[in-house]
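Participant: Let's see this in three dimensions:
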Amino acid sequence: MKKTKKGLSKERIQALLEFQKSLNIRFNDLTLLNTALSHKSYVNESPVELENNEKLEFLGDSFLGLVISAALYNQNLYFKEGTLARIKSYVVSEQSLHKIGKEINIQNYILIGRGEEKSGGRQRKALISDCVEAVIGAYYLDAGYRSAKTLVQRLFYKEIIEVEKNRHEKDYKSILQEYSQKRFKIVPQYGIVSTKGPDHNRRFYIKVSIRKRSYGPGTGWSKKEAEQMAARIALRHLMKLKGVRDTGIERTDRDRRVEKRGRSGLQKGKRTAHSRQDARARTGR
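Facilitator: Next up, the predicted model:
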């Protein structure tokens, strides 16, 4: 343990021991855990040369994706690839990571720079979620695959169950925004293309733009509905480019008929291909 204490104050060692105890884990090398909790703003202001947590975050992100993918594959044998990919995207999303980070009070143990502290960085969603991934990566290096896998499963079990229960409740705008921010570092912009009909029965046509590319228009009897449709169209295109299929996003012949009539089949109580798929999954057929 003498080696693990190198460069760490007694107060810092105590804080790290307290944090790992709250997670019911034990690091052989506390400096790895300390690095996982060291934001680049802290490292940049340090008078001595230190390493920030970005490489550990990268490793943790990959390891987390592997463990969650394997868990979803084993627990949902009747789900298709697209459904599993969508559930995984929720489970490992910044929102889920931030929620778990707050539950384990990780923000209390992060080392950040003075400027970042003053601007409220300790509570930032991205900073907290990145540190959760970094801790996972650090624990994988320190304790190995099996122990790190157990930690991930314990931390994310509730989130997996919650997402699986609500997998029908798709918020295409949220999915698109998170995808766009992660891949392009920008937020999608929505704009009204046109409207048709009187005030009491108006139909909206809305497009969504990412970088210099526009998708849509999505249509609906409200702006919110039309924006959701536009986001769905954008996701359908982006997932197609990426080679990911999702029956909840893909455009079918039935979608074309629905869009042409200007009505949703769900309003008539019809079952979609996605709902039939999930029904088969529940019955085991």
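
Participant: show me where the stretch 151-285 of the chain has strands.
Facilitator: 189-196, 203-210, 213-220 (DSSP state E, counting those that start in this stretch).

Participant: Residues contacting the last one, please?
Facilitator: Strand 213-220 is contacted by residues 193-194, 203-209, 225-234, 237, 259, 262 when judged by Cβ atoms under 8 Å, 6 or more residues apart in numbering. From N, CA and C alone the C-beta is placed, and that goes for glycine too.

Participant: Next: the first one.
Facilitator: Under the contact criterion Cβ under 8 Å, 6+ apart, strand 189-196 has outside partners 202-210, 216-217, 223, 227, 230.

Participant: That strand pairs with which strands?
Facilitator: Here strand 189-196 has these sheet partners by DSSP bridges: strand 203-210 (antiparallel).

Participant: Also the last one?
Facilitator: Strand 213-220 has the following sheet partners, assigned by DSSP bridges: strand 203-210 (antiparallel).

Participant: avg pLDDT for the partner strand?
Facilitator: Averaging pLDDT along strand 203-210 yields 94.

Participant: Give me the phi and psi angles of residue 185.
Facilitator: Residue 185 adopts backbone torsions of phi 60, psi 30, taken as degrees, to the nearest 10.

Participant: And for residue 221?
Facilitator: phi -80, psi 0.

Participant: Tell me which residues touch it, please.
Facilitator: With contact taken as Cβ under 8 Å, 6+ apart, residue 221 is in contact with 201, 202, 203, 204.

Participant: who are the neighbours in contact with the last one?
Facilitator: Taking Cβ under 8 Å, 6+ apart, we find residue 204 in contact with 192, 195, 219, 220, 221, 222, 223, 225, 226.

Participant: how about a cut-off of 10 Å?
Facilitator: For residue 204, the contacting residues are 192-197, 217-227, 229-230, by Cβ atoms under 10 Å, 6 or more residues apart in numbering.

Participant: repeat for residue 50
Facilitator: By Cβ under 10 Å, 6+ apart, the neighbours of residue 50 are 7, 34, 35, 38, 40, 42, 43, 44, 111.

Participant: Name the nearest residue to the last one, ignoring sequence neighbours.
Facilitator: Think residue 111. Closest residue to residue 111 apart from its sequence neighbours, by Cβ to Cβ, 6 or more residues apart in numbering: residue 42 at 4.3 Å.

Participant: roughly how far out does the strand or helix carrying the one you found sit from the chain middle?
Facilitator: Using DSSP states H and E, the element containing residue 42 is helix 40-45. Mean-position distance between helix 40-45 and its chain equals 26 Å (Cα atoms, centre = their mean, to the nearest Å).
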